[in-house]
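>>> Structure for the following, please:
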Amino acid sequence: MGSERDSVVRADKWLWAARFYKTRALATQAINGGKVHLNGERIKPARRLALGDQLTIRKGAYSFAITVERLATQRRPAEEARTLYSESEESASERHALYRQRKLEGHSVHQRERRPDKRARRRIRQFKQQ
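Here you go, the predicted model:
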C-alpha cells in the first residue's frame, strides 16, 4: 500500500506541494476554473497524477508546460519544489519573453492602482473645474 501511495497523488495537492499555488484551495479553484490541463484535457482536483504526466498551467498572462518528475504530498522549500517538475524549453522561453515584453510596456506583477496623492487630487479638481 505504501508504494501505491507514492506512485500517485491528487492534482490539487501536487500543485500546492510544487508551489504553483499558495494554498490547496487556490489550486482547487484554478483546476475547477479550467486553468490546469493534463495532456490537453481539463481535470478535476482529485485527479491522480503519475510520473511523466504533462501539465499545462495558466497563471495570469503566463503559461507553464511541465512534466511531472517526482511526486510529493508535502510542501517543501522552493528549491526542492523545483525538482518535482521539469518545464519545457519552449514554455520557459515564451514565458521569459512575455515577462520582458510586459516589463518594457510598464506592466508589473505587483503593480496596483493607488489612491491619488494630494498633488494628484488638486490636479483632478482643477481639471474638473475647467
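>>> Just to be sure, Arg122 is in a helix?
Yes. Assigned with DSSP: H, G, I helix; E, B strand; the rest coil, Arg122 falls within a helix.
>>> for this protein, what helix or strand is lowest in average pLDDT?
Within the chain, judged by mean pLDDT, DSSP states H and E, the helix or strand with the poorest mean is helix 2-7; its value is a mean of 51.
>>> I'd like the next helix or strand past that helix.
For helix 2-7, the following helix or strand on the C-terminal side (DSSP states H and E) is strand 9-10.
>>> so after that following strand, what's the next helix or strand?
helix 11-17.
>>> could you point out which element follows that next one?
Proceeding N to C from helix 11-17, the next assigned helix or strand is helix 24-32, under DSSP H and E.
>>> how near is the residue nearest to the spatial centre of the chain to Arg19?
Central residue of the chain (CA atoms, centre = their mean): Lys59, 4.1 Å from the mean position. In this view, Lys59 and Arg19 are 12 Å apart by CB to CB, to the nearest Å. Backbone N, C-alpha and C define where each C-beta goes, glycine included.
>>> quick one, what contacts the residue nearest to the centre of the chain?
Phe20, Ala30, Lys35 (CB atoms under 8 Å, 6 or more residues apart in numbering).
>>> Assign the residue nearest to the last one when sequence neighbours are not counted to helix, strand or coil.
Read that as Lys35. Leaving aside its sequence neighbours, Lys35 sits nearest to Arg58 (CB to CB, 6 or more residues apart in numbering; 4.7 Å). With three-state DSSP as the basis, the three-state label of Arg58 is strand.
>>> Arg76 too?
Under the three-state scheme (three-state DSSP), Arg76 adopts coil.
>>> Please name the residues that touch the nearest residue to it once chain neighbours are set aside.
Nearest residue to Arg76 in three dimensions, chain neighbours excluded: Ala17, at 7.1 Å (CB to CB, 6+ apart). Shown in contact with Ala17 (CB under 8 Å, 6+ apart): Val9, Ala72, Thr73, Gln74, Arg75, Arg76, Ala81, Leu84.
>>> For Ala50, see how far away the fifth one is.
What that stands for is Arg75. Arg75 sits at a distance of 20 Å from Ala50 (criterion: CB to CB).
>>> More neighbours: the two, which one.
Between Arg75 and Ala50, counting by other CB atoms under 10 Å, Arg75 is the more crowded of the two (16 against 10).
>>> Cool, thanks, talk later.
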